[in-house]
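Peer 1: sequence first, then the predicted structure:
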Amino acid sequence: MSRLQSNCILVAITAATTAGCIFLFGGSLVRQEPQQTVPVQEACPDAAEQRAPLEDIRAIAQDIKSLAETLSQPMDEGDRRRLKQQFDRRHFAPWTTAEPLFNIQTAAGGIEQLAAGTWYGENRLPVDPVRMRSLLALADMEHLPSINQPAIVVKPTFVRVLPTNRPFYEAPDDAPFDQLQFTEIKPNEPVRILHASKDGAWLYIETSYANGWVEPDAVRLADAALRDRLLTAEHLVVVKDFAQVRTGEGKILPQPKIGTLYPLVKEEQDHWVVEAAIGADDRHAVFATARIAKADARRHPLLFAPQAVADIGNELLKTPYGWGEMYRNRDCSATTRDFLLAFGIWLPRNSSRQINAGPLVSLAGLSAVDKEKRIHELGIPFRTLLHHPGHIMLYAGLRDDKPVVLHTIWALRYKPDNCPEQRYIIGRTILSTLETGKELLHLSRGTLLDRLDGMLVLPVAD
């Protein structure tokens, strides 16, 4: 059974592509078939004991600076102005479009497909069908949409495929891949409320790139004055994860991640003064004046220049892997999205939609040599996406004439001779070549370069 990841942007529907990647070389995101019994040699490696870094990760300094210094194709002012207009149009779409952004029938159909599956809970036992029927009744999808209200996010929160925080796994040992986990949405993000669960404990919302269930205390209604302020203001973008945002009264607001936008009020010597959405007593949002340290935010969008690229990239390199941004970490498509968001480039949320967000350059069927040649010829460092099924990467430039990528991965599958298939857990954001892990015998589906099927150079015209 698939991980329901063919269409992550409709993930209220089909949860899974959010993460964009599970096993870097594992093929489409499907449950692994039972392994045939094989004779196990005494020399079979113990995956739990394999802690040595992979060769190319060890050889490549995990620092963006030297790669960023090679940037030589800045955007001109006209391109930057058009890109900003394009970004704003997409980012604020939940407030500026009259109809839902995502197909309601598809969403409801995806939930029905989900309900037909066999799932495992946090206790590694099958989910009781009674529990599934209860969740479906709670969701009341046949009445979606029942609400149509512009709103705003007042604290970071996760979007879920069903109105529950409890997980659904495809297999008993499938953690951390909770198929109900979609993504995290950021403070100050525009959203539209479309529905409520029968018990009122969950709201069904859509952002410009996601739809699903959130807890009600994470969003508040946005009146016309607040929407107009956010739509017309100059914005700051957070450039360090978990930056401190403090109101004038000394209250610490929920910590934002890279890519969070705030309306700029004024610039002080050591701080930016911004407006942050908070909840009022009547379920509406109001703006509170707050301060952010100068080093933690910059005017949006950032100039596509070596120092800014290095700063954002190196901050992302600190991130552990998080399926659907679980634990406020990132998966592969969250990393590419947040990186480019800082520079004013809007992307969808999952890997397949990201690579198809513009004119695809197909690499399918080419030899490894020809794939690298095509990347050399067309790729622009830090503005080019590279893709294989289920995984997205940001091309970062060349090292010893070989492409290097910035990406967030969970594990590599490999199968030593006469041994069961094993996993080499990486579980974080790295710089690597397209042949990372080639020393593992044997990568189950070949190297990343072997499986590479497309590239996309950004930005693209509407």
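Peer 2: Structure received.
Peer 1: in terms of pLDDT, where does the residue nearest the centre of the chain sit?
Peer 2: Using Cα atoms, centre = their mean, the residue of the chain that lies closest to the mean C-alpha position is Ala334, 1.9 Å off. Reading off the confidence values, Ala334 has pLDDT 98.
Peer 1: A strand includes it, no?
Peer 2: No. With DSSP: H, G, I helix; E, B strand; the rest coil as the criterion, Ala334 is helix rather than part of a strand.
Peer 1: if I look at it, how far off is Asp370?
Peer 2: Noted for Ala334: a distance of 31 Å to Asp370, by Cβ to Cβ, to the nearest Å. From N, CA and C alone the C-beta is placed, and that goes for glycine too.
Peer 1: returning to that earlier point: touching, the residue nearest to the centre of the chain and Ile392? I think so.
Peer 2: No. Taking contact to mean Cβ atoms under 8 Å, the distance of 9.8 Å between Ala334 and Ile392 leaves them out of contact.
Peer 1: and the next helix or strand past the lowest-mean-pLDDT helix or strand in the chain?
Peer 2: For the chain, using mean pLDDT, DSSP states H and E, the weakest element among its helices and strands is helix 11-14, scoring a mean of 40. Heading C-terminal from helix 11-14, the first helix or strand you meet, by DSSP states H and E, is helix 55-59.
Peer 1: what about Ala151, neighbour count?
Peer 2: Under the neighbour criterion other Cβ atoms under 10 Å, Ala151 is assigned a count of 26.
Peer 1: and it, what does it touch?
Peer 2: Applying Cβ atoms under 8 Å, 6 or more residues apart in numbering, one finds that Ala151 lies in contact with 190-193, 205, 219-222, 285.
Peer 1: quick one: low-confidence ranges for the stretch 201-350 of the chain?
Peer 2: Within the stretch 201-350 of the chain, no range satisfies pLDDT under 70.
Peer 1: now do the longest helix along the chain, average pLDDT.
Peer 2: For the chain, the helix reaching the highest residue count under DSSP state H is reported as helix 77-91. Rounded to a whole number, the mean pLDDT of helix 77-91 is 93.
Peer 1: please apply the same query to stretch 431-444.
Peer 2: For stretch 431-444, the per-residue pLDDT values average out at 93.
Peer 1: chain neighbours aside, what residue packs nearest to Asn314?
Peer 2: Closest residue to Asn314 in three dimensions, ignoring its sequence neighbours and counting by Cβ to Cβ, 6 or more residues apart in numbering: Ile64, at 5.1 Å.
Peer 1: that neighbour: neighbour count?
Peer 2: Ile64 has 25 neighbours, counted by other Cβ under 10 Å.
Peer 1: likewise Gly279?
Peer 2: As a burial measure, Gly279 scores 18 neighbours (other Cβ under 10 Å).
Peer 1: not counting its neighbours along the chain, what's nearest it?
Peer 2: Residue nearest to Gly279 in three dimensions, not counting chain neighbours: Arg220, with 4.8 Å by Cβ to Cβ, 6+ apart.
Peer 1: helix, strand or coil for the one you found?
Peer 2: Under three-state DSSP, Arg220 falls in the strand class.
Peer 1: ditto for Ile312
Peer 2: Secondary structure, three-state DSSP: Ile312 is helix.
Peer 1: tell me which residues in the helix or strand Pro94 falls within are buried?
Peer 2: With secondary structure defined by DSSP H and E, Pro94 is part of helix 93-96. Of the residues in helix 93-96, those with enough neighbours to count as buried (16 or more other Cβ atoms under 10 Å) are 93-95.
Peer 1: cool, stretch 273-293 as well?
Peer 2: Judged by neighbour count using 16+ other Cβ under 10 Å, the buried positions of stretch 273-293 are 273-279, 285-288, 290-292.
Peer 1: which two in the residues you listed are spaced the farthest apart?
Peer 2: Put simply, by Cβ to Cβ the two of the buried residues of stretch 273-293 set farthest apart are Val273 and Gly279, 20.7 Å from each other.
Peer 1: tell me who's in contact with Glu69.
Peer 2: 306, 310 are the contacts of Glu69 under Cβ under 8 Å, 6+ apart.
Peer 1: oh, and call the first residue 4 from now on, that's how I've got it
Peer 2: Happy to do that; since the first residue is 4 now, the last one works out to Glu72.
Peer 1: quick one: Ala71 and Leu147, what's the gap?
Peer 2: Taking Cβ to Cβ as the criterion, Ala71 is separated from Leu147 by 45 Å.
Peer 1: more crowded one of those two?
Peer 2: Neighbours per residue (other Cβ under 10 Å) separate Ala71 from Leu147, with Ala71 holding more: 22 against 19.
Peer 1: ranking by neighbours, what's the top pick from the contacts of Ala154?
Peer 2: The most neighbours, when those are compared by other Cβ under 10 Å, belong to Ile208, which has 28 neighbours.
Peer 1: host element of that residue?
Peer 2: Secondary structure assigned from DSSP H and E places Ile208 in strand 206-209.
Peer 1: which residues touch that strand?
Peer 2: By Cβ under 8 Å, 6+ apart, the surrounding residues in contact with strand 206-209 are 15, 97, 103-105, 142, 147-148, 154, 162, 194-200, 214-219, 222.
Peer 1: hey, C-alpha coordinates of that strand in PDB?
Peer 2: As requested, C-alpha coordinates have been extracted for strand 206-209 and formatted as PDB (Å, rounded to 0.1, in the frame of the first residue of the first chain):
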ATOM      1  CA  LEU A 206     -10.500  23.200  12.800                       C
ATOM      2  CA  TYR A 207     -10.000  22.300   9.100                       C
ATOM      3  CA  ILE A 208      -7.900  25.000   7.500                       C
ATOM      4  CA  GLU A 209      -6.000  25.700   4.300                       C
END
